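*Asks:* Here's a sequence, model it:
(4 chains)
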Protein chains: 2
Amino acid sequence: MATYRILENPDLESALKTIKEGLMRNHLLIIIGECYIDYEGRSASKLGLGERIVIIKQDGAVLVHRPKGYSPVNWQPSTTTIEVWLRSGEGLSLLAVRNRPREYLRILFTKIFTIIEGVFHDSAEFVMYLSESEIRDIIFENPDLLEPGFKPLEKEKRIGQGAVDIYGLDSNNNHVLVEIKRVMGDREAVLQLYNYVENYKNGVENNVRGILLAPSFTPGALELLAKLKLEFKEIDLRKLRLLSQSSKKKPNSTLFEYMNEKGRD
Amino acid sequence: MATYRILENPDLESALKTIKEGLMRNHLLIIIGECYIDYEGRSASKLGLGERIVIIKQDGAVLVHRPKGYSPVNWQPSTTTIEVWLRSGEGLSLLAVRNRPREYLRILFTKIFTIIEGVFHDSAEFVMYLSESEIRDIIFENPDLLEPGFKPLEKEKRIGQGAVDIYGLDSNNNHVLVEIKRVMGDREAVLQLYNYVENYKNGVENNVRGILLAPSFTPGALELLAKLKLEFKEIDLRKLRLLSQSSKKKPNSTLFEYMNEKGRD
DNA sequence: ATCTCTATTTCGGGA
DNA sequence: TCCCGAAGTAGAGAT
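*Replies:* Here you go, the predicted model:
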């Protein structure tokens, strides 16, 4: 059960004390206040005064969120050291340093509105469906989805420095390299496939086909596929999801299914 | 100035009322509580019961954070509709729907520990230094950094569907296509350059050089560069940063510079 | 430790 | 609007 405390409108000394305690104990900290931010590392940035939410997670990750938008404006992934101190007459200073790559995130709070400090528990399992690797496995088990007579031989076959998703033989014993995309296939995906095919041709054979598998394709991708004499095939994610559900044991009933069954009302 | 309120240990009815008001007024909401989460859209996921921080931003973006890690476990970028209602005997249900792509995020709170609801202001300008486009501009202005006698002619020159960073002529009037990476150059960057060069050759000339500019290169990239007869050159980001600082008017003194000058103590 | 590739990538810019 | 490529991408998996 969560154990935490809330400080409202703390003076900076109390804020400092609370934040220091939280950091020492690897607690979660949510600091809401007015601050400046500077970052220097792989790049560098600065951000003027504004009201923000700063979250320091229990593993030391730091997030700075503005009132809008999905992305944090500044951040630090799980950091080795976070220090905090008072700068008399200016505010409360927080420095988060990451070692590899060496990066510095500095926050200067001029006002702190609220601090939440404590321990939160969350050990639930996170399950994600229909990742690319899952699609690859379904195609491997159901090779006719690619084309009749296709014989898949290897998943993640190393070719050069990379690995093609599926390698196999077609009904005429041509070598087939299959690159799979879970989202719309773009030029980048085509270039990836091209690289595998050229690499494989150089190494071994000449009768090599490259097939890009995706739910849809950008015009640029289709043009490039034609130019590079590569093939493509659309996959129907809905169909794959059904196959996936029928082939493996049903997961425990989810809230989502539950809600779907019951509806909202 | 921020205007907000904090509810501690609200019953679900009060929580519902506060969240509804916050949503109606496009306020920021931070909801800390115990919840289940299901997502369905481009992919699908489920997450069992655990203690989490849910942030609903003033533009409708939704973030669900676990106690650890940089990334939100579930989220919804700025959403069209968020609904919330009570499910008697079960908890408080929140549904965030995005239209393109169509995605559903459902959160069922079984307990709500704390809610923060209010308006926060942040109109400060965010400035980022040494983005790729900035590097491109510096090279364009200082072409000798690439090689003596290089004459840059065009930035972001369209070639096929993409655009090469810099196009120009070398001292022998060869066409030169320059692809710039701010981070370590990898195989993908080489393929990108290769694609531009081939496309340009087909279209026009034969004496076309392709040069990849990056602070460093992966072994795979170097191998591929050799194979495809493309060139590369290392750039020194520190040197570029100095050039950039001296060539353009100094930005206002930043907290970062200030701290550097003064030190921490 | 390094390299490669995925991601519910998100985001911004240009056609 | 779609498409393309950057990002302080982060994170996982393989070598």
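
*Asks:* Give me the contact list for the longest helix seen in chain A.
*Replies:* With secondary structure taken from DSSP state H, chain A has its longest helix at helix A:187-203. Residues from elsewhere that reach helix A:187-203, judged by CB atoms under 8 Å, 6 or more residues apart in numbering or on different chains: A:159-160, A:162, A:164, A:175, A:177, A:179, A:181, A:208-212, A:214, A:218, A:220-221, A:224-225, A:228, A:230, B:161-162, B:187-188, B:191-192, B:194-195, B:224. Where C-beta positions appear, they are placed from N, C-alpha and C, glycine not excepted.

*Asks:* filter these to the buried ones?
*Replies:* A:159-160, A:162, A:164, A:175, A:177, A:179, A:181, A:208-212, A:214, A:218, A:220-221, A:224-225, A:228, A:230, B:162, B:187-188, B:191-192, B:194-195, B:224 (16 or more other CB atoms under 10 Å in any protein chain shown).

*Asks:* Which one of the residues in chain A is closest to DNA strand C?
*Replies:* With CB to the nearest atom of the strand, the shortest gap between chain A and DNA strand C falls at A:Gly162, namely 2.1 Å.

*Asks:* State the distance from A:Tyr129 to chain B.
*Replies:* Taking CB to the nearest CB, to the nearest Å as the measure, A:Tyr129 and chain B are separated by 4 Å.

*Asks:* Ramachandran coordinates for the closest residue to that residue other than its chain neighbours?
*Replies:* Leaving aside its sequence neighbours, A:Tyr129 sits nearest to B:Ala44 (CB to CB, 6 or more residues apart in numbering or on different chains; 4.3 Å). Backbone dihedrals for B:Ala44, given as degrees, to the nearest 10, come out at phi -150, psi 140.

*Asks:* Can you verify my assumption that B:Ala44 contacts A:Leu130?
*Replies:* Yes. Assessed by CB atoms under 8 Å, B:Ala44 is found in contact with A:Leu130 at 6.3 Å.

*Asks:* anything in contact with each of the two?
*Replies:* A:Arg241.

*Asks:* Next, check the buried ones among the contacts of helix A:187-203 against the strands and list the overlap.
*Replies:* A:159, A:162, A:164, A:175, A:177, A:179, A:208-212, A:214, B:162 (DSSP state E).

*Asks:* Pull the most distant pair out of the residues you listed.
*Replies:* A:His175 and B:Gly162 (29.5 Å; CB to CB).

*Asks:* List the contacts of the residue of chain A closest to DNA strand C.
*Replies:* A:Gln192, A:Asn195, A:Tyr196, B:Arg187, B:Gly220.

*Asks:* 10 Å instead, please
*Replies:* A:Glu156, A:Glu179, A:Gln192, A:Asn195, A:Tyr196, A:Asn199, B:Arg187, B:Glu188, B:Gly220 (CB atoms under 10 Å, 6 or more residues apart in numbering or on different chains).

*Asks:* May I have the beta-bridge partners of it?
*Replies:* A:Ile159 (DSSP bridges).

*Asks:* returning to what we had before: hmm, the longest helix of chain A in reach of DNA strand D?
*Replies:* Yes. If you take CB under 7 Å from any atom of the strand as the test, helix A:187-203 does meet DNA strand D, through A:Arg187, A:Glu188.

*Asks:* averaged over its residues, what pLDDT does that helix have?
*Replies:* Helix A:187-203 carries an average pLDDT of 88.

*Asks:* just stretch A:227-235 next, same as before
*Replies:* On average, stretch A:227-235 scores 94.

*Asks:* Any part of it near chain B?
*Replies:* Yes. Using CB under 10 Å from any CB of the partner chain, we find that stretch A:227-235 touches chain B at A:Lys227, A:Leu228.

*Asks:* Might you enumerate the residues of the stretch 101-250 of chain A proximal to DNA strand D?
*Replies:* Contact residues (CB under 7 Å from any atom of the strand) of the stretch 101-250 of chain A with DNA strand D: A:Glu103, A:Leu105, A:Glu156, A:Arg158, A:Met184, A:Asp186, A:Arg187, A:Glu188, A:Thr218, A:Pro219, A:Gly220, A:Ala221.

*Asks:* which residues does the first one contact?
*Replies:* It refers to A:Glu103. A:Tyr39, A:Glu40, A:Gly41, A:Arg42, A:Ser43, A:Ala44, A:Trp75, A:Gln76, A:Pro77, A:Thr79, A:Ala96, A:Val97.

*Asks:* Give me the nearest residue to the fifth one, chain neighbours excluded.
*Replies:* Meaning A:Ser43. Closest to A:Ser43 by CB to CB, 6+ apart is B:Leu130, at 5.4 Å.

*Asks:* pretty sure the one you found contacts B:Lys239?
*Replies:* No. If you go by CB atoms under 10 Å, B:Leu130 and B:Lys239 don't touch, sitting 11.4 Å apart.

*Asks:* which residues are common contacts for these two?
*Replies:* With CB under 10 Å, 6+ apart as the test, B:Leu130 and B:Lys239 both reach B:Ile138.

*Asks:* neighbour count winner among those two?
*Replies:* B:Leu130 (18 against 12; other CB atoms under 10 Å in any protein chain shown).

*Asks:* phi, psi of that one?
*Replies:* Torsion angles, degrees, to the nearest 10, at B:Leu130: phi 60, psi 40.

*Asks:* could you pull out the strands for chain A?
*Replies:* Under DSSP E, chain A gives strands at A:3-8, A:28-40, A:44-56, A:62-65, A:74-76, A:81-87, A:91-98, A:103-119, A:126-129, A:151-159, A:162-169, A:175-180, A:208-214, A:231-234.

*Asks:* Could you confirm whether stretch A:62-73 reaches DNA strand C?
*Replies:* Yes. Against DNA strand C, stretch A:62-73 shows contacts by CB under 7 Å from any atom of the strand at A:Gly69, A:Tyr70, A:Ser71.

*Asks:* All set, thanks.
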